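Participant: sequence plus predicted model, see below.
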Amino acid sequence: MKRWKRHNPITALLIAALILGLLFSRGMTARAENDKESEETATFTVGFDAEFPPYGYKNEDGEYVGFDLDLAEEVCKRRGWKLEKQPIDWDSKDMELSSGMIDCIWNGFTIQGREDEYTWSEAYVDNSQVVVVRAGSEVQKLSQLSGKIVIVQSDSSALAAFTGEDATQSNKDLAATFESLQQVADYNSAFMNLEAGSADAICLDIGVAKHELENRGDGFRMLEDVVSTEQYGVGFMLGNTKLRDEVQETLNEMAEDGTFLKIAEKWDLADSVCLGKNRKTEAEGSKAEEAKPETPKKEKSFWERFLHITDQLLVGMAATLLIFILTLIFSMPLGLLLTAIRMSRFKALRMIARIYISILRGTPLMLQLLVVFFGPHFIFGIDTSSGYRFVAVIIGFSLNYAAYFAEIFRAGIEGIPRGQREAADVMGYTRTQTYWRIIFPQMVKRVLPPVTNEIITLVKDTSLAFALAYTEMFTLAKQVTAAESSIMPLFIAGLFYYIFNFIVALIMERIEKKMKYYDKRS
């Protein structure tokens, strides 16, 4: 009896379920803890795209910096708030804001075309959409883009300038002459396409264009023609005028005393800012005195850059490993439980398991992660906190992979001849003893190859955590790539994935060889 308890699968599954429940409750109760903390110090959470220099990005020291983040930091300093910089997936920005996960979108956010969707601060930057081409390109003006491949960032002002409801007819007519107008997730991908020759031009914000041209050398140039102009503002939840007014009041103070302009000068955006432009400030008068020649950066060798980038990626590597390990810990026992339900004698239970497996295997993992994270708020009206992000990642991955493991386990069990169960019954084995001593070892041996494939896939799928703005290694690599203006961080990330999967495959191969003793006994 003691031996049976030690190997009882129900006990193990209950423990796993309890841990999952504790993880979920930890995320849900974190909101109450944060609320208690906010009574002492208010937290101001800024949502931003961490691949959008110079407004917000990760620098060489692994810190999130940028013009907008400096403004937000100064606002928080003056109001006694605690600033929380929250990188977000730009496509999920509206869900982040409406669910209360962030307090505002502050990241070169264009007002035009979105006036009725958010509560806006006053415009603080006059921005233009410009076109960048290769240095040797024949394109000199916008009209010469006819028949060319033009790239824009998805859900960007550049895209709206060509296809939006407020786009001018001339821009719509121009876009109609392109061979294609392609969308990418970030500007680093856009410049990689342009450099590789798979695109002819990029349309982007002038501030971003200047930053990229400065950091990418002489291989590109900017056209003089401007596609469109718009203004940047801070976007708050529609109706949240109280918070908007507090931030705006402080921004006005910064404009009056010259701090706003100083921050703009630091990021080479003084010519673009419009807030307080007509005010006389000390900073404006002493600009020439404060200007200091910049010390040229020392060019790093290949190995210095390699080690520096690897050091920055270590935090992301740890996050990836944690997702991988916890997903396996929870999904495999849950998969066994689903297998037992799927093979139950009760038709209703079998149907529930089949529906669950069908849904989890038939819908994208990214969608499931979004449902787990945003579902409590949008479906049940339950407020969650930023601490729930990691919990949602683990729950989403575990539920998804449990469905795949369940079908693999079921196939392994059903592949064992029924005669072995009958023989065990004749020999006096109980059903539990038959399962753990005869069926389970053979099932494990049979399913090792497909399980290995799923585990390797899991290593790569951890990158989908970016959908919940959780910074794992690949997301971090993209952020470092944007800051470094180099593809090297992506190659280093790919090297890590390969080495990790090589080790996983090697371990699983060793386990498979050890399991061959069952063949020797047969």
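Facilitator: Looks like it came in fine. Computed from a prediction, not measured in an experiment: that's the story for all the values here.
Participant: quick one: the strands in this structure?
Facilitator: For the chain, the strands defined by DSSP state E occupy 43-48, 51-52, 56-58, 64-65, 82-87, 104-110, 119-120, 125-134, 149-153, 180-184, 201-205, 220-236.
Participant: could those strands be laid out in CSV, adding distance to Ser331?
Facilitator: Yep, even glycine has a C-beta here, placed from its N, CA and C like the rest. Below are the strands of the chain laid out as CSV (distance: least, C-beta to C-beta, whole Å):
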stretch, distance to Ser331
strand 43-48, 30
strand 51-52, 30
strand 56-58, 31
strand 64-65, 32
strand 82-87, 27
strand 104-110, 34
strand 119-120, 42
strand 125-134, 45
strand 149-153, 35
strand 180-184, 32
strand 201-205, 41
strand 220-236, 38
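Participant: so for Gly428, which of those sits nearest?
Facilitator: strand 82-87 (61.4 Å; C-beta to C-beta).
Participant: given that closest one, what are its sheet partners and their directions?
Facilitator: strand 43-48 (parallel) (DSSP bridges).
Participant: what distance separates the partner strand from the centre of its chain?
Facilitator: The chain centre lies 16 Å from the centre of strand 43-48; the measure is C-alpha atoms, centre = their mean, to the nearest Å.
Participant: what's in contact with that strand?
Facilitator: Outside strand 43-48, the residues that touch it by C-beta atoms under 8 Å, 6 or more residues apart in numbering are 34, 37, 55-56, 64, 66, 68-69, 72, 75-76, 79, 81-88, 93, 96-97, 101-107, 386.
Participant: grab the nearest non-local neighbour of the residue nearest in space to the middle of the chain.
Facilitator: Centroid check for the chain by C-alpha atoms, centre = their mean gives Phe466 as the closest residue, at 1.9 Å. Leaving aside its chain neighbours, Phe466 sits nearest to Thr475 (4.2 Å; criterion: C-beta to C-beta, 6 or more residues apart in numbering).
Participant: and Ile395, by the same measure?
Facilitator: Counting by C-beta to C-beta, 6+ apart, the residue nearest Ile395 is Val372, at 5.2 Å.
Participant: burial check on that neighbour, number of neighbours?
Facilitator: By the measure other C-beta atoms under 10 Å, the count of residues near Val372 is 22.
Participant: my guess is it meets Phe397, correct?
Facilitator: No. If you go by C-beta atoms under 8 Å, Val372 and Phe397 don't touch, sitting 9.4 Å apart.
Participant: for Ala167, give me phi and psi.
Facilitator: phi -60, psi 140 (degrees, to the nearest 10).
Participant: so who does the nearest residue to it once chain neighbours are set aside touch?
Facilitator: The shortest distance from Ala167 to any non-neighbouring residue, by C-beta to C-beta, 6+ apart, is to Ala161 (5.7 Å). Taking C-beta under 8 Å, 6+ apart as the criterion, Ala161 is in contact with 129, 167, 171, 203, 227-228.
Participant: same list, these, but as CSV with pLDDT, neighbour count and distance to Ile309 please.
Facilitator: As requested, the contacts of Ala161 are arranged in CSV below (pLDDT from 0 to 100; neighbours: other C-beta atoms under 10 Å; distance: C-beta to C-beta, whole Å):
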residue, pLDDT, neighbour count, distance to Ile309
Gln129, 93, 24, 31
Ala167, 87, 19, 39
Asn171, 93, 20, 39
Cys203, 95, 28, 29
Val227, 93, 26, 34
Ser228, 90, 22, 36
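Participant: so which of those residues is the closest to Pro333?
Facilitator: The nearest member of the contacts of Ala161 to Pro333, counting by C-beta to C-beta, is Cys203 at 50.6 Å.
Participant: so where is the chain shaky, pLDDT-wise?
Facilitator: The chain contains residues with pLDDT under 70 at 1-41, 277-299, 386, 482-483, 485, 516-522.
Participant: helices or strands up against the longest helix belonging to it?
Facilitator: Looking across the chain with DSSP state H, the single longest helix is helix 302-342. Applying 3 or more C-beta pairs under 8 Å, 6 or more residues apart in numbering; DSSP states H and E, one finds that helix 302-342 contacts helix 9-38, helix 347-362, helix 388-414, helix 440-461, helix 473-484, helix 488-514.
Participant: elements contacting the second one?
Facilitator: Read that as helix 347-362. helix 302-342, helix 388-414.
Participant: which residues touch that helix?
Facilitator: For helix 347-362, contacts defined as C-beta under 8 Å, 6+ apart pick out 338, 341-344, 368, 399-400, 402-404, 406-407.
Participant: recalculate using a threshold of 6 Å.
Facilitator: Residues from elsewhere that reach helix 347-362, judged by C-beta atoms under 6 Å, 6 or more residues apart in numbering: 338, 341-342, 344, 400, 403, 406.
Participant: the fourth one too?
Facilitator: Outside of helix 440-461, the residues that reach it under the criterion C-beta under 6 Å, 6+ apart are 324, 404, 408, 412-413, 415-416, 500-501, 504, 508, 512, 515, 518.
Participant: make it 8 Å
Facilitator: In contact with helix 440-461 (C-beta under 8 Å, 6+ apart) are residues 320, 324, 327-328, 365, 397, 401, 404-405, 408-409, 411-413, 415-416, 420, 497, 500-501, 504-505, 508-509, 511-512, 515-516, 518.
Participant: okay, buried residues for stretch 494-510 please.
Facilitator: Residues of stretch 494-510 classed as buried under the neighbour-count rule (16 or more other C-beta atoms under 10 Å) are 496-497, 500-501, 504, 508.
Participant: reformat those residues as a markdown table; add distance to Leu142.
Facilitator: Putting the buried residues of stretch 494-510 into a markdown table (distance: C-beta to C-beta, whole Å) gives the following:
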| residue | distance to Leu142 |
| --- | --- |
| Phe496 | 42 |
| Tyr497 | 41 |
| Phe500 | 46 |
| Asn501 | 46 |
| Val504 | 51 |
| Met508 | 56 |
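Participant: among those, which one sits closest to Gln153?
Facilitator: Nearest to Gln153, judged by C-beta to C-beta, of the buried residues of stretch 494-510 is Tyr497 at 25.3 Å.
Participant: and the closest one, what does it touch?
Facilitator: 459-460.
Participant: re the thing from before, list buried residues within the contacts of helix 347-362.
Facilitator: 338, 341-342, 400, 403, 406.
Participant: which one of the residues you listed is nearest to Asn215?
Facilitator: Nearest to Asn215 among the buried ones among the contacts of helix 347-362, with distances taken as C-beta to C-beta, is Asn400, at 38.4 Å.
Participant: quick check: the closest one vs Glu96, distance?
Facilitator: 22 Å (C-beta to C-beta, to the nearest Å).
Participant: again with Glu115
Facilitator: Glu115 is 20 Å from Glu96, where distance means C-beta to C-beta.
Participant: one more: Ala185?
Facilitator: Distance from Ala185 to Glu96, by C-beta to C-beta: 17 Å.
Participant: neighbour count: those two, which is higher?
Facilitator: Regarding Ala185 and Glu96, a neighbour count based on other C-beta under 10 Å identifies Glu96 as having more, with 22 against 17.
Participant: hmm, back to that, distance to Phe178 added to the contacts of Ala161, as a markdown table?
Facilitator: Listed next are the contacts of Ala161 as a markdown table, based on distance: C-beta to C-beta, whole Å:
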| residue | distance to Phe178 |
| --- | --- |
| Gln129 | 15 |
| Ala167 | 14 |
| Asn171 | 11 |
| Cys203 | 10 |
| Val227 | 12 |
| Ser228 | 16 |
